[in-house]
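Enquirer: Okay, sequence plus prediction incoming.
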Amino acid sequence: MLDTCLSQTKAIMKIEMKVTNRLLYVLTVPLLLASAVNAQQKSDRERAGLLGMVKTVVSAYTFVDEENGKESAPHSIQTIAYNRNGKKIKETPLEGCDACSIVKTTNDTEGRVIEEAYYRDGKEESLFLRIGYTLDHAGKRIGADYHDASGHLYRKWKYTYEYDSRGNWIKQMASMYDSKFFDGKTKFVLREVYYRTIKYY
């Protein structure tokens with residue numbers, strides 16, 4: 001009698017588990033599909049996290065001297081242009097990275113880049129850097145972890161911002177924390193500053 005009860009209990013538990021899994025599937029799949037559709041419906045400008053009728057974004061950066069904290073002369077990076085519908089119509093090549101290229105990016109369900117893989121000379125067998133990004137609720141990068149080809153974490157970055165009147169960032173302060181200082185005592189040190197000149201329609 002006891003064996004029969006145990007068998008019936010196990011059978012009921014299996015059925016309940018199947019029902020639960022099925023319910024989770026029914027509830028989850030539409031949400032995933034809706035996220036994918038929303039990501040596809042967003043314009044290039046929206047996927048870039050830009051607010052308002054942005055026309056062009058011109059980026060440049062400076063290095064910060066570790067000793068005196070002064071910034072170097074600005075180095076241009078890239079110019080991106082959008083039409084009124086938010087479609088990207090111009091994108092100049094990234095400057096300052098002639099010996100490498102991004103050959104693989106990983107996006108989240110909103111279409112935002114959360115990982116980049118860098119390869120020397122664009123060859124897939126020569127991976128030398130993988131960067132994982134931490135995003136805030138608005139999709140803006142607030143942190144980055146740098147891993148070498150073997151997966152070893154050797155550098156961390158933290159990003160803080162200043163904004164224009166439309167809510168788009170125009171200055172990004174990048175602070176670095178190198179692996180040789182992973183002692184829990186050394187703080188992030190400001191090393192680079194990125195500037196964006198944004199024009200609107």
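Expert: Yes, it's here. Residues are numbered from 1 along each chain as shown.

Enquirer: and the residue positioned nearest the centre of the chain, what does it touch?
Expert: For the chain, the residue nearest the mean C-alpha position is I114 (3.3 Å; C-alpha atoms, centre = their mean). Counting by C-beta atoms under 8 Å, 6 or more residues apart in numbering, I114 touches T106, N107, D108, G132, Y133, L135. Yep, even glycine has a C-beta here, placed from its N, CA and C like the rest.

Enquirer: Give me the distance between the strand or helix carrying it and the centre of its chain.
Expert: Here I114 sits within strand 113-120, counting by DSSP states H and E. Centre-to-centre, strand 113-120 and its host chain are 10 Å apart (C-alpha atoms, centre = their mean, to the nearest Å).

Enquirer: which SS class is E125?
Expert: helix (DSSP: H, G, I helix; E, B strand; the rest coil).

Enquirer: if I look at the closest residue to it other than its chain neighbours, how far off is F128?
Expert: Once flanking residues are discounted, E125 sits nearest to Y119: 7.9 Å by C-beta to C-beta, 6 or more residues apart in numbering. Separation of Y119 from F128 (C-beta to C-beta, to the nearest Å): 7 Å.

Enquirer: of the contacts of I114, closest to P74?
Expert: Y133 (23.6 Å; C-beta to C-beta).

Enquirer: hang on, the earlier thing: so which bits of the helix or strand following the strand holding I114 are buried?
Expert: Once strand 113-120 ends, the next helix or strand along the chain (criterion: DSSP H and E) is strand 127-135. By neighbour count on 16 or more other C-beta atoms under 10 Å, the buried set for strand 127-135 is L127, L129, R130, I131, Y133, L135.
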